[in-house]
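Chemist: Here's my sequence, what's the structure:
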Amino acid sequence: MPDRFKIMLIFCAPVVVLGLIYLLGASIPVPVLGRSYVVRIDLPEAGQQLDLPEVQGPQDKTRPLVVIDAGHGGADPGAVGPGYQEKRIVLGLAKALRDRLLEEGGVRVAMTRDDDSFVVLAERVAIARELGADLFVSIHADSAGEQADVRGASIYTLSEEANSQAAARFAQRENGADIINGLDLSGQDEAVEAILVELSQRQTANQSDSFASLIVREGQGRLTFHPQPRRKASLAVLRAPDVPAILYEAGFISNPEEAQRLASAEGRENFAATMASAIRIFLARNAARP
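Modeler: Below you'll find the model as predicted:
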């Protein structure tokens, strides 16, 4: 076989293999942070109407509304540990919080998912905005891979740089046809609109930070926190410009002891009691503001 042909074969073989895989519909597992699995997800069609969840609690629409978001779900298990999946643990925590808030009364509650279904990231935030939520709580769990001794909860809020970026994207996307924090942006020129949206985003970010601090305070003695419990990140579920939002990492399911605690009735109760207390204080403070 000529050398030139051998060289061509070396370069062309991977392309041919990938082409055959594509045509046959085969799946290639991709390792992610120590995990190896393939996730197939049916995404909603563009322009499809948002399927809003049921709002539970008082019928009085002046009562504050909390949207609880259990991360992952369906074909997306999230982080995995020995015998545990993130999607199942966080759904249990989300339901415990919902039940606690409804039991105490005075607060309306909606969940982005209340079963093992998948919800697109953008839809989770859109649900909160569409329902006019006063607070958005996204619940997740983490994995440290082989480091089984890592433990503790942490709370994420939107980073300052991401605040400005999210505000700019929102202003461009909405094109002046929305109301943000009570401000009607329609009819404003692009420069004024961008400034108003960014101011709203900063106000919302300050409220989110305040709520995150309340969680840490109310959780002392009841929850186990990471040595650095407060985090900043550019996460999609935190970018609504008019809904205070946090992402709560409940702990590390790669730690067998912590995973067992998070999945237990006692663990769910401690989480729900802490979070419900922080939520009520936060909502009371906001209601008292002029």
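
Chemist: Tell me which stretches of the stretch 51-200 of the chain form helices.
Modeler: 86-104, 121-131, 160-174, 190-219 (DSSP state H, counting those that start in this stretch).

Chemist: Worst mean pLDDT among these?
Modeler: The stretch with the lowest mean pLDDT among the helices of the stretch 51-200 of the chain is helix 160-174, at a mean of 48.

Chemist: Which residue ranges of this protein form strands?
Modeler: 30-32, 35-37, 65-70, 80-81, 84-85, 108-111, 135-142, 153-158, 179-180, 183-184, 225-233, 245-252 (DSSP state E).

Chemist: Could you point out which of those sits nearest residue 94?
Modeler: Nearest to residue 94 among the strands of the chain is strand 65-70 (3.9 Å), distances taken as Cβ to Cβ. In this view, the C-beta of every residue, glycine as well, is placed from N, C-alpha and C.

Chemist: Now do that closest one: which elements does it pack against?
Modeler: Identification of packing neighbours for strand 65-70 by 3 or more Cβ pairs under 8 Å, 6 or more residues apart in numbering; DSSP states H and E yields helix 86-104, strand 108-111, helix 121-131, strand 135-142.

Chemist: orientation of that strand relative to strand 245-252 in degrees?
Modeler: Counting by axes from the mean of the first three to the mean of the last three Cα atoms, to 10 degrees, strand 65-70 lies at 40 degrees to strand 245-252.

Chemist: Any chance you could list what contacts strand 65-70?
Modeler: Applying Cβ atoms under 8 Å, 6 or more residues apart in numbering, the external contacts of strand 65-70 come out as 55, 87, 90-91, 93-95, 97-98, 101, 107-114, 119, 124, 127-128, 131-139, 237, 243, 279, 283.

Chemist: mean confidence score for that strand?
Modeler: Predicted confidence along strand 65-70 averages 98 (mean pLDDT).

Chemist: cool, and stretch 225-245?
Modeler: The average pLDDT for stretch 225-245 rounds to 90.

Chemist: For it, buried residues please.
Modeler: Buried residues in stretch 225-245, counted by 16 or more other Cβ atoms under 10 Å: 225-226, 229, 231-232, 235, 237-245.

Chemist: Now for residue 250, how many residues are close by?
Modeler: Look at residue 250: counted by other Cβ atoms under 10 Å, it has 27 neighbours.

Chemist: ok, it - contacts?
Modeler: Here residue 250 is in contact with 89, 90, 93, 139, 140, 141, 153, 262, 271 (Cβ under 8 Å, 6+ apart).

Chemist: Which residue is the nearest non-sequential neighbour of it?
Modeler: Using Cβ to Cβ, 6 or more residues apart in numbering and skipping the chain neighbours, the partner closest in space to residue 250 is residue 141 (4.9 Å).

Chemist: Give me the neighbour count for residue 117.
Modeler: Burial of residue 117, expressed as a neighbour count using other Cβ under 10 Å, amounts to 13.

Chemist: That one and residue 76 touch, don't they?
Modeler: No - Residue 117 is beyond contact range of residue 76, at 10.2 Å (criterion: Cβ atoms under 8 Å).

Chemist: circling back: out of the helices and strands packed on strand 65-70, which is closest to residue 206?
Modeler: If you check each of the helices and strands packed on strand 65-70 against residue 206 by Cβ to Cβ, strand 135-142 wins as the nearest, at 13.7 Å.
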